[in-house]
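# Structure here, sequence nowhere to be found:
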């Protein structure tokens, strides 16, 4: 079954998405998504072809996502605010023939088209606005100005509109066909695209919906999280697409403004990352009654500090329920919602249909209460990393278990507690940062001899990135130089929050810097 088909059954006049002061109905959404599917099909996109999507949290992202799925393509959501060099590298990594670009990515369309080589960059006309806002803005409204299948790669164009409300058709896809490629960090290397199939994503939606009362068709949910992240894509957005609930979209998170939306639009379900709950708990000038209609709040993408949950509940009277997941599990593995218990640090029970083991280094089950690596198995577990069989073999066992790289403990009540990570990943507001990627960029700064990147605890983002740098003899490298280099090459969340200069780094027998020793030094 094609994941895009889930929106076919919702009433045409029912509210679907709220953005910029107005509601968009399911009928309007289907019409625009159908037009998008026909437009990109006319460009030569067929089943299995990769189409990248670089928009913020917006209706346009949802239209592009559904349009790609409907025509049988593989959606590749990307961060629109990433530097052009990083986006171009991701486009090349998946062999994307087409990029639908909005926001900052639209502004860099010409640069992206040049750097990505064979990728055609298209700025949808609805986003182009006035001629000063980017390529393709001078196209006539309502016309098909997109290149045809024979257009040369690297073209920058604008798509037209074809809003036929009777035509939202989806291509037939098998459960094991790839629907989405999401960049994440595997256990053994730099960011790589994880293959999530139609079956994976649908299975996880149904697993989540097995939790009583999580989201229903009458709910109004708020999502101020990035839809190019798996939590936003298949939890916040996915649950709404599956159930026909309503979703309030906020591209740029502002604590006070989002709480006003909660109050004014009758939001019943809050979904956010820990930093958002901290900001809500401290937002000035908002009455506690603003959340009177909220049934429950769910935190995901990163560990929630108990004191943040306490402050939020104390102010608004709404408990925050936690869950655990990862991109490779589509993403949800467990949740405390529905258990009747909301214990500090607990991420609850595995979802129905998800198997979970806690194992030692040899893959054997540990004793009750002992820590071990969390292994997960179920129809939601991904198909592997795109074009990388060795890395896939490192995380997937022959009998289907996903080695998460996270260390957990199961308490006497059966609740799961995530206590550590085997990986060196730094997780900033739910986004994975692979230290080696940042270290490579820092090492390119003139005068830098060596660099090690570690994660430090951060009350707002869970962790922050710190670069520990050794200067070459006589060099006068500054923190600002390191920051500027990273800002030009990396997404903002990957850039170091602080830079520390040292005379030398602790090394092992092979001369390689010992990251754990560096982390101990800086903490």
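Received, thanks. Treat the numbers as computed from the prediction; the structure is a model and nothing was measured.

# If I look at the spatially most central residue of the chain, what pLDDT would I see?
Nearest to the mean C-alpha position of the chain, by Cα atoms, centre = their mean, lies residue 229 at 0.8 Å. Looking at residue 229, its pLDDT is 92.

# ok, now the one 4 residues further on?
pLDDT recorded at residue 233 is 96.

# repeat for residue 424
76.

# Next, the contact list for it, please.
Counting by Cβ atoms under 8 Å, 6 or more residues apart in numbering, residue 424 touches 434-435, 515. Where C-beta positions appear, they are placed from N, C-alpha and C, glycine not excepted.

# Same question for residue 269.
Shown in contact with residue 269 (Cβ under 8 Å, 6+ apart): 215, 219-222, 245, 294-298.

# Just the buried residues of those.
215, 219-222, 245, 294, 296-298 (16 or more other Cβ atoms under 10 Å).

# Tell me how many other residues crowd residue 461.
Using other Cβ atoms under 10 Å, residue 461 has 22 other residues around it.

# I'd guessed residue 325 sits against residue 231; true?
Yes: Residue 325 is in contact with residue 231 according to Cβ atoms under 8 Å; the separation is 7.5 Å.

# Touching both of those two, which residues are there?
Both residue 325 and residue 231 are in contact with 300, 331, where contact means Cβ under 8 Å, 6+ apart.

# Show the end-to-end separation of stretch 344-354, please.
Stretch 344-354 has its terminal residues 23 Å apart, counting by Cα to Cα, to the nearest Å.

# again with stretch 468-481
Using Cα to Cα, first and last residues of stretch 468-481 are 14 Å apart.

# what's the spacing between it and its chain's center?
Centroid separation for stretch 468-481 versus its chain: 34 Å, with Cα atoms, centre = their mean, to the nearest Å.

# what pLDDT, on average, does that stretch get?
Averaged over stretch 468-481, pLDDT sits at 93.

# what do you get for stretch 322-342?
Stretch 322-342 carries an average pLDDT of 92.

# Please shift the residue numbers so they start at 9 in all later answers.
Sure, I'll start numbering at 9, so the last one becomes stretch 330-350.

# residue ranges of the strands in the stretch 9-158 of the chain, please?
Using DSSP state E, counting those that start in this stretch, the strands of the stretch 9-158 of the chain run over residues 23-27, 30-33, 58-62, 82-85, 106-109, 128-130.

# quick one: strands adjacent to the second one?
For strand 30-33, sheet partners with direction are given as strand 23-27 (antiparallel), following DSSP bridges.

# now do the fifth one
According to DSSP bridges, the neighbouring strands of strand 106-109, each with its direction, are strand 58-62 (parallel), strand 128-130 (parallel).

# Quick one: closest of those strands to residue 201.
Counting by Cβ to Cβ, residue 201 lies closest to strand 58-62 out of the strands paired with strand 106-109; the figure is 9.0 Å.

# Which elements pack onto the longest helix anywhere in the chain?
In the chain, assigned by DSSP state H, the helix with the most residues is helix 34-50. For helix 34-50, the packing partners by 3 or more Cβ pairs under 8 Å, 6 or more residues apart in numbering; DSSP states H and E come out as strand 23-27, helix 67-78.

# what's the last one in contact with?
Outside helix 67-78, the residues that touch it by Cβ under 8 Å, 6+ apart are 10-12, 15, 25, 27, 32, 37-38, 40-45, 47-48, 53, 59, 61, 63, 82-83, 85, 108, 110, 132, 134-135, 176-179, 187, 235-236, 241, 245, 249, 257.

# before we move on, what about the first one?
Counting contacts by Cβ under 8 Å, 6+ apart, the residues outside strand 23-27 that touch it are 18, 31-34, 36-37, 66-67, 70, 248, 252, 254-257, 259, 269, 273.

# related to what we said a few turns ago, next, format the strands paired with strand 106-109 as JSON lines and append distance to residue 420.
Output for the strands paired with strand 106-109, formatted as JSON lines (distance: least, Cβ to Cβ, whole Å):
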{"stretch": "strand 58-62", "distance to residue 420": "45"}
{"stretch": "strand 128-130", "distance to residue 420": "55"}
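
# Going by mean pLDDT, which of those strands comes out lowest?
strand 128-130 (a mean of 91).

# who's in contact with the closest residue to residue 55 other than its chain neighbours?
Leaving aside its sequence neighbours, residue 55 sits nearest to residue 80 (Cβ to Cβ, 6 or more residues apart in numbering; 3.3 Å). By Cβ under 8 Å, 6+ apart, the contact list for residue 80 reads 10, 54-56, 178-181.

# Quick check: which of the strands of the stretch 9-158 of the chain is nearest to residue 282?
When those are compared by Cβ to Cβ, strand 82-85 sits nearest residue 282, at 21.7 Å.

# Touching, residue 307 and residue 282? I think so.
Yes: judged on Cβ under 8 Å, residue 307 makes contact with residue 282 at a distance of 5.8 Å.

# buried subset of the contacts of helix 67-78?
Buried members of the contacts of helix 67-78, scored by 16+ other Cβ under 10 Å, are 10-12, 15, 25, 27, 32, 37-38, 40-45, 47-48, 53, 59, 61, 63, 82-83, 85, 108, 110, 132, 134-135, 176, 178-179, 187, 235-236, 241, 245, 249, 257.

# you'd agree residue 229 is in a helix?
No: in this structure, residue 229 is strand, not part of a helix, as judged by DSSP: H, G, I helix; E, B strand; the rest coil.

# what pairs with it across the strands?
residue 255, residue 277.

# Residue 223 is in contact with that one, correct?
Yes: using Cβ under 8 Å, residue 229 is in contact with residue 223, at 6.4 Å.
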